[in-house]
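# Give the three-dimensional model of this entry:
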Amino acid sequence: MSLTSFSVEGYRSFVRRTLVELRPLTLLFGYNSAGKSALVRALPLLSASSGGANVGPLALKAEGMREPTYADIATRLSSRNKLVFGLTWDDDEQPARAIEISLREDDKRHLVSEFFARDADGAELLHAIDVPGEPGRYEITAPGSPLLTVTLSFKDLRPVLSGQGAASSVPGDVRVVLGQCWQRLESLQESVHWLGAVRAAPERRGVYQGEPVRLGSSGKEAAAKLAYDARGRKIILPRVSAVLRKMFGQAIDVRDSGEEFAIELEPVEGAPLRISIVDVGEGVSQVLPVLVLGATAAVGDLPPGAVLAIEQPEMHLHPRAERALAEFFGEVIKAPSHPRLLIETHSENLLLFVQLLIAQGKLQPEDVSILWLESLPNGESDCRGIALDARGRPKDWPAGVFSEDAKIARELFLARRGVPS
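Numbering: from 1, shown residues only. Got it, this is the predicted structure:
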């Protein structure tokens, strides 16, 4: 099941429906407070809300979400008490290819007010809407079926028929669609992986306590992931080390002392000197989880079509290292498991290196999607797509974007001449 897009409406500063088409590599740019992080984090929020013991449909206490209330994530720029999330998939395993979920707050509780399922052509397979004054009761319309009033429970965002004899009183086609929606949403738990903007630094020494199942939003599990890979298959560590060689001229290795391990770096050239990863620059610590997650996806250890949502992967990196990072991203999305990368970034260098990969023919324009976000005067976030041509040139690039260097250079030139800027 490959997730191909998600949308939000009435979510934080996104008053209108905002669609994010997930290409193999999707880059989000924009000024500060334009809504980039909020948009990226909608995806792990939906993933966490598709499994687990949550208080309501939305996993507001999930890792990295900073424990908002429903009122905190619902937009304050509209009087509508409505949040809408949409998801689409591109596989033919099941007819239900698109799901749209509307939520509202009622008596300090948030609940699902509407639930849509559609096929690949956009035709409605199922529409459930809550019955006013009857908690848990929904009217369901579906092609070829009479209007039904049933009791639906939402396990997180996943719909399930409830009540005695519920299944036997509902047509089989409706039950099948509900089951498909359950499976689609449940798949998000394993297919969406998120790294926040500030990753945790690895410890000087770690203890072998079991291989991490996945990396959390801080990436603190990255070192242990490498340590267990070094003991076993040795397929992730070499990939990570190859990128670090390009970035910093240093190879990475694991010192295994039995019950403990340590992640160390050694210069590729010069005297052999192994240094703990905690004693080198922040750039290595910050990029390590990014590389480990990407390599894990590239070797097929994540579900096919997994989405890696990563905030500011370029944190603390020199432009030369950003080139190696862009090349690494290009390698990841070309892996047989076809991972998709959703990258929130401020880096013009990263964009330039992606454009270079296209111009060199190593990536195709259709592999890459660029989204530019900005805050409108009324506080709303606006999101526009920017296409790249076969030579990596952007079409309809917003005026003034990435022009700061030229402006500063002009001010410096005038200042040196004693001319007020």
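
# What residues does P44 make contact with?
Contact analysis of P44 by C-beta atoms under 8 Å, 6 or more residues apart in numbering lists 62, 64-65, 192, 194, 217, 309. C-beta coordinates here come from the backbone N, C-alpha and C atoms, glycine included.

# Let's see the pLDDT reported for it.
pLDDT recorded at P44 is 96.

# Now whichever helix or strand it is part of - C-alpha only, CSV.
According to DSSP states H and E, P44 maps onto helix 36-48. Provided in CSV are the C-alpha atoms of helix 36-48 (Å, rounded to 0.1, in the frame of the first residue of the first chain):
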residue,chain,number,x,y,z
LYS,A,36,5.9,23.9,7.0
SER,A,37,6.4,21.9,10.2
ALA,A,38,2.7,21.8,10.9
LEU,A,39,2.0,20.4,7.5
VAL,A,40,4.7,17.8,7.8
ARG,A,41,3.5,16.8,11.2
ALA,A,42,0.0,16.2,10.1
LEU,A,43,1.2,12.9,8.5
PRO,A,44,2.7,11.4,11.7
LEU,A,45,-0.3,12.6,13.6
LEU,A,46,-2.6,10.6,11.2
SER,A,47,-0.2,7.7,11.5
ALA,A,48,-0.3,7.7,15.3
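
# Check the average confidence over the helix or strand immediately after that helix in the chain, would you?
Downstream of helix 36-48, the first helix or strand assigned by DSSP H and E is helix 70-73. Across helix 70-73, pLDDT averages out at 93.

# Then stretch 2-9?
97.

# cool, stretch 221-231 as well?
pLDDT averaged over stretch 221-231 gives 98.

# Report the beta-bridge partners for the residue nearest the centre of the chain.
In the chain, the residue lying closest to the centroid (C-alpha atoms, centre = their mean) is A309, at 2.5 Å. On the basis of DSSP bridges, A309 is bridged to W194, L342.

# of the contacts of P44, buried ones?
Buried members of the contacts of P44, scored by 16 or more other C-beta atoms under 10 Å, are 62, 65, 192, 194, 217, 309.

# Check the spacing between the fifth one and A390 real quick.
I take that to be S217. To A390, S217 is 36 Å away according to C-beta to C-beta, to the nearest Å.

# what kind of secondary structure is E139 in?
strand (DSSP: H, G, I helix; E, B strand; the rest coil).

# chain center to stretch 30-37: distance?
Centroid separation between stretch 30-37 and its chain, computed with C-alpha atoms, centre = their mean, to the nearest Å, is 15 Å.

# from memory the residue nearest to the centre of the chain sits against S37, does it?
No. The pair A309 / S37 is not scored as a contact, 10.3 Å apart, by C-beta atoms under 8 Å.
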